[in-house]
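Q: the sequence and its predicted three-dimensional model are supplied below.
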Amino acid sequence: MKKVLSKFNKFLINGFLYLSPVGVFILIMVSLGLYEMIDKHWSGQILGYLFLFWFFCSVYFLLSLIVNKKLRESIFTRLAGIKERDEREEIVVGKAMKSSFLFTLGLLVCLLAFSTTRTDKNTTLTTDSNFRGSFTIGHLEFKGEPIRKYEKETHGDIHQFETYDIPLSKTSLILIIILAQLFSYHLFARRELRS
Amino acid sequence: MGNIKTKLKITNNLHVLRAEKKLTQQALADAIGVTRLTVNSMEKGNYNPSLELAFRLAIYFEKDIKDIFTVESKNEKSIK
């Protein structure tokens, strides 16, 4: 039973890896609005089924990464370029991981602090069309929409306010954290290796 | 029983033993199952090996651990 499960596991993971070009190709076609061109053709339908299978495999793969320690280690060790060839390198990896973790934690605490603050931009439109702006940080607000606009009229001037909250779920921010973690790990590992 | 809390400095004569056997760092590293950089770090005194690796070195050079590694403290010199 264990052998069958292992083969099934391998089949789905290989399915994800080898069908990734198909998945990426279809995603690009859809984003460019070109998929309709091949959708009704028999090859388009086969690609559609392959994409469906790839999507299923990708979900399985992502769940496996969380559950399967061996798979997680083999993938991320290669991705992060971690080398543990002997005891000294194991120590270096451990020290660099600690420094990298603390660095990323510091970054996340910083982002958390920023995410709870509000940045206001006050644009005052006057008759001579002079542009006045102000930039304030420090209003604690835990809930908020991505962008809010409101107007206020005082002494004949129209004040337009625009509020921007920093969205933590932004892809770019997550990417920055991942890159920061990889960069800091390599930086600290190199420093440890030199000493 | 003495209470040693001062930091011990461990030195070794690996480079001498290696030279006696006319070995390269890579050859020694391959023989004891570590990387060349680790041998280099040990020779420079930047890395103190684990007890297991120290024994492996001792077995390889057919010496006692004390003949390879010497312990020095700030107060006393050369504890053997």
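A: Alright, I've got the coordinates. Residues are numbered from 1 along each chain as shown, chains lettered A, B, ... in the order given.
Q: residues touching residue 56, list them.
A: You didn't pick a chain, so chain A it is. A:L12 (CB atoms under 8 Å, 6 or more residues apart in numbering or on different chains). In short, each C-beta sits where N, CA and C put it, glycine included.
Q: not quite, I wanted chain B
A: By CB under 8 Å, 6+ apart, the neighbours of B:R56 are B:32-33.
Q: pull out the buried positions in the strand or helix carrying it.
A: According to DSSP states H and E, B:R56 maps onto helix B:51-61. By neighbour count on 16 or more other CB atoms under 10 Å in any protein chain shown, the buried set for helix B:51-61 is B:53-54, B:56-58, B:61.
Q: how about stretch A:34-49?
A: For stretch A:34-49, by 16+ other CB under 10 Å, it's A:35, A:47.
Q: likewise for stretch B:24-41?
A: Across stretch B:24-41, burial judged by 16+ other CB under 10 Å covers B:25, B:28-29, B:32, B:34-35, B:37-41.
Q: identify, from those residues, the entry nearest to B:K66.
A: Nearest to B:K66, judged by CB to CB, of the buried residues of stretch B:24-41 is B:I32 at 18.1 Å.
Q: quick check: the closest one touching B:Y60?
A: Yes - counting by CB atoms under 8 Å, B:I32 does reach B:Y60; the two are 5.7 Å apart.
Q: around chain B, pick out the residues from chain A.
A: Neighbours of chain B within chain A, by CB under 8 Å from any CB of the partner chain: A:85-89, A:193, A:195.
Q: re the thing from before, can I get the buried residues of stretch B:24-41 in CSV including secondary structure?
A: Compiled in CSV, those are given as follows (DSSP: H, G, I helix; E, B strand; the rest coil):
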residue, secondary structure
B:Q25, helix
B:L28, helix
B:A29, helix
B:I32, helix
B:V34, coil
B:T35, coil
B:L37, helix
B:T38, helix
B:V39, helix
B:N40, helix
B:S41, helix
